[in-house]
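turn this into a model:
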Amino acid sequence: MYSNHTSSIITNAQDVRIVDFRSDTVSLPTASMRRAIYEATVGDDVYGEDPTVKELEIRSAKMFGKEAALFVPTGTMANLLAVMVHCSRRGSEAIVGDKAHVFLYEQGGAAQIAGVLLNTIQNLPDGTFCLNQLKNKFRGLDVHEPHTSLVLVENTHNMCGGKVLPLQWLEDLAKICKENSAKIHMDGARVFNAAEFLNVPISRVVRDVDSVCYCLSKGLACPVGSVLIGTEDFIKDAHRLRKALGGGMRQVGFLAAAGLCALDEIVPMLKDDHVRTRQIAESIHKLNSSLISVDLDNLHTNILLVQILNNKIKSCDLSERLAEVKMKELDDGLVDSSGRGISVKISARDWAFARIVVYTNVTDDEVNLAIRKIAYVVEEYQQNLK
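Take a look at the predicted model:
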């Protein structure tokens with residue numbers, strides 16, 4: 001039945017069912033989203049003549065309870081634009097959590113391009129940071145110091161396991177920043193997941209921040225795009241700087257149409273992603289393994305961190321093994337309904353954990369297949385380590 005009988009590893013793609021949990025960035029446009037892209041009314045957005053882009057921007061600003069919005073190609077650009085506008089004086093400083101995406105995974109663009117120093121503060125496990133420590137971080141009174149102009153937060157917090165920032169914490173943060181004449185920008189790549197978890201309107205989640213961006217190409221399944229939101233003056237400045245960064249686009253309404261579809265169809269289904277993530281977490285918790293564990297009580301959204309408990313196993317090892325399909329698995333009946341082996345892709349680097357991210361294209365069947373594969377691999381590890 002299988003084309004590769006001589007190897008213990010199945011290499012023929014037709015014989016493998018892939019369940020991809022590496023990131024919600026691998027999500028694919030839905031059928032209705034593809035139709036919306038095809039049928040979109042477009043114009044030259046640099047001239048301000050694309051009606052679909054305008055609709056997405058106006059709708060986003062209204063949903064978030066802000067004055068204006070700007071469609072940009074990526075979340076990295078959105079965050080950089082926010083830093084550039086809020087820290088318009090070169091040599092300014094922005095305070096950011098040490099596990100924030102802006103600090104870890106955006107090439108230091110704030111310094112590289114904007115001339116802004118990123119001063120880190122330790123993230124707590126829930127994605128927040130100590131506000132008493134923050135009070136001592138503000139600088140600028142002394143001529144030797146940079147001027148602290150901005151505080152950056154992330155919601156949900158990726159590297160803290162999709163944690164949602166508490167509303168009271170955000171309110172307290174805003175008071176401190178106002179006292180120190182500093183602005184707040186929220187990297188809200190997955191902020192709709194935060195609103196779903198808190199069961200509040202998105203406008204409530206972002207009420208206390210000066211600017212926010214959300215990503216269309218992660219859990220919202222769009223091919224490209226993020227939206228930056230704030231005051232009219234903020235967006236006016238961001239629009240001008242977008243051009244300098246190469247973000248001026250023409251008939252981009254094709255992409256904005258996908259965003260409008262996502263707001264209508266994908267956002268209301270985010271709760272399903274959370275449910276499926278919890279199902280995977282509960283299955284791992286029930287294994288009661290000495291090799292891996294999950295923090296079931298503090299699982300908030302669609303990101304699950306799987307902690308590695310045994311120093312003989314690295315997260316990359318676990319990732320590679322889950323992605324493999326061995327002939328023995330087929331003999332043991334670890335196959336899908338079509339008889340294909342199961343390959344589970346997860347995210348792993350030099351971390352003490354591996355990451356699983358669920359998104360709208362993931363089905364209940366795929367969740368069940370992944371649960372079976374994870375249990376099988378954990379049992380295999382336990383046998384081999386005896």
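
let me see the ranges of the helices in the stretch 251-386 of the chain.
Per DSSP state H, counting those that start in this stretch, the stretch 251-386 of the chain carries helices over the ranges 253-265, 270-287, 315-323, 327-331, 364-384.

pick the most deeply packed of the ones you listed.
With neighbours defined as mean count of other CB atoms under 10 Å, the helices of the stretch 251-386 of the chain peak in mean count at helix 253-265, which reaches a mean of 23. Where you see a C-beta, it was placed from the backbone N, CA and C, and this is true even at glycine.

what's next to that helix, contact-wise?
29-30, 32-33, 36-37, 39-43, 45, 50-53, 55-56, 59-60, 63, 71, 216, 220-225, 227 (CB atoms under 8 Å, 6 or more residues apart in numbering).

quick one: mean pLDDT for that helix?
Here helix 253-265 scores 97 as its mean pLDDT.

so how far is stretch 47-54 from its chain's centroid?
Centroid separation for stretch 47-54 versus its chain: 27 Å, with CA atoms, centre = their mean, to the nearest Å.

give me the distance between the two termini of it.
Using CA to CA, to the nearest Å, the end-to-end distance of stretch 47-54 comes out at 12 Å.

picking that back up, distance to residue 182 added to the helices of the stretch 251-386 of the chain, as a markdown table?
Listed next are the helices of the stretch 251-386 of the chain as a markdown table, based on distance: least, CB to CB, whole Å:
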| stretch | distance to residue 182 |
| --- | --- |
| helix 253-265 | 30 |
| helix 270-287 | 31 |
| helix 315-323 | 36 |
| helix 327-331 | 54 |
| helix 364-384 | 43 |
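
how about these, which one is nearest residue 20?
helix 364-384 (8.8 Å; CB to CB).

for residue 9, which of the helices of the stretch 251-386 of the chain is the nearest?
helix 327-331 (7.7 Å).

contacts only, for residue 215.
75, 189, 190, 225, 226.

look at the first one and report its pLDDT.
In this case it means residue 75. pLDDT, residue 75: 97.

surely it and residue 185 touch.
No: the criterion here is CB atoms under 8 Å, and residue 75 misses it with residue 185 at 11.9 Å.

so what sits against both of the two?
residue 213.

higher neighbour count, those two?
The neighbour count for residue 75 versus residue 185, taken as other CB atoms under 10 Å, is higher for residue 185 (29 against 25).

that's a strand at the more buried one, yeah?
Yes: secondary structure of residue 185 (DSSP: H, G, I helix; E, B strand; the rest coil): part of a strand.

hey, what's it bridged with?
In this structure, residue 185 bridges to residue 152, residue 211 when assessed by DSSP bridges.

so who does it touch?
79, 82-83, 86, 150-153, 209-213.

quick check, nearest of these to residue 101?
Nearest to residue 101 among the contacts of residue 185, with distances taken as CB to CB, is residue 79, at 7.8 Å.

re the thing from before, let's see which of the contacts of helix 253-265 end up in strands.
Residues of the contacts of helix 253-265 located in strands (DSSP state E): 71, 227.

and the lowest-mean-pLDDT helix or strand in the chain, how far out from the chain middle?
Of all helical and strand segments in the chain, the minimum by mean pLDDT, DSSP states H and E falls on helix 327-331, at a mean of 93. For helix 327-331, the separation from the chain centroid amounts to 35 Å (computed by CA atoms, centre = their mean).

please report how far the nearest residue to residue 269 once chain neighbours are set aside lies from residue 367.
Closest residue to residue 269 apart from its sequence neighbours, by CB to CB, 6 or more residues apart in numbering: residue 360 at 5.9 Å. Distance, residue 360 to residue 367, using CB to CB, to the nearest Å: 13 Å.

just checking, residue 80 touches residue 109?
Yes: assessed by CB under 8 Å, residue 80 is found in contact with residue 109 at 4.7 Å.

more neighbours: these two, which one.
residue 80 (27 against 18).

the more buried one and residue 190: what is the separation?
18 Å.

with residue 42 instead?
Taking CB to CB, one finds residue 42 at 28 Å from residue 190.

same question, residue 149
26 Å.

ok, residue 258 next?
As judged by CB to CB, residue 258 and residue 190 stand 17 Å apart.

got it, and residue 170?
For residue 170, the distance to residue 190 - CB to CB - is 16 Å.

got it, and residue 346?
For residue 346, the distance to residue 190 - CB to CB - is 18 Å.

can you check residue 205 too?
For residue 205, the distance to residue 190 - CB to CB - is 11 Å.

and those two? which has more neighbours close in?
Higher neighbour count among residue 205 and residue 190: residue 190, with 29 against 26, using other CB under 10 Å.

contacting residues around residue 247?
Residue 247 touches 72, 73, 77, counting by CB under 8 Å, 6+ apart.

out of those residues, who's the most crowded?
residue 72 leads the contacts of residue 247 on contacts (other CB under 10 Å) with 25 neighbours.

who does it bridge with?
In beta-bridge terms (that is, DSSP bridges), residue 72 pairs with residue 226.

can you tell me what sits against the helix or strand encompassing residue 178?
Using DSSP states H and E, the element containing residue 178 is helix 167-179. Residues from elsewhere that reach helix 167-179 (CB under 8 Å, 6+ apart): 128, 131, 134-135, 151, 153, 183-184, 198, 200, 204-205, 207-209.

now with 10 Å?
Applying CB atoms under 10 Å, 6 or more residues apart in numbering, the contact partners of helix 167-179 are 95, 124, 126-129, 131-132, 134-135, 137-138, 148, 150-151, 153, 155, 165-166, 182-184, 186, 194, 198, 200, 204-210.

list the buried residues in that helix.
169, 170, 173, 174, 176, 177 (16 or more other CB atoms under 10 Å).

now it against strand 183-187, angle please.
140 degrees (axes from the mean of the first three to the mean of the last three CA atoms, to 10 degrees).
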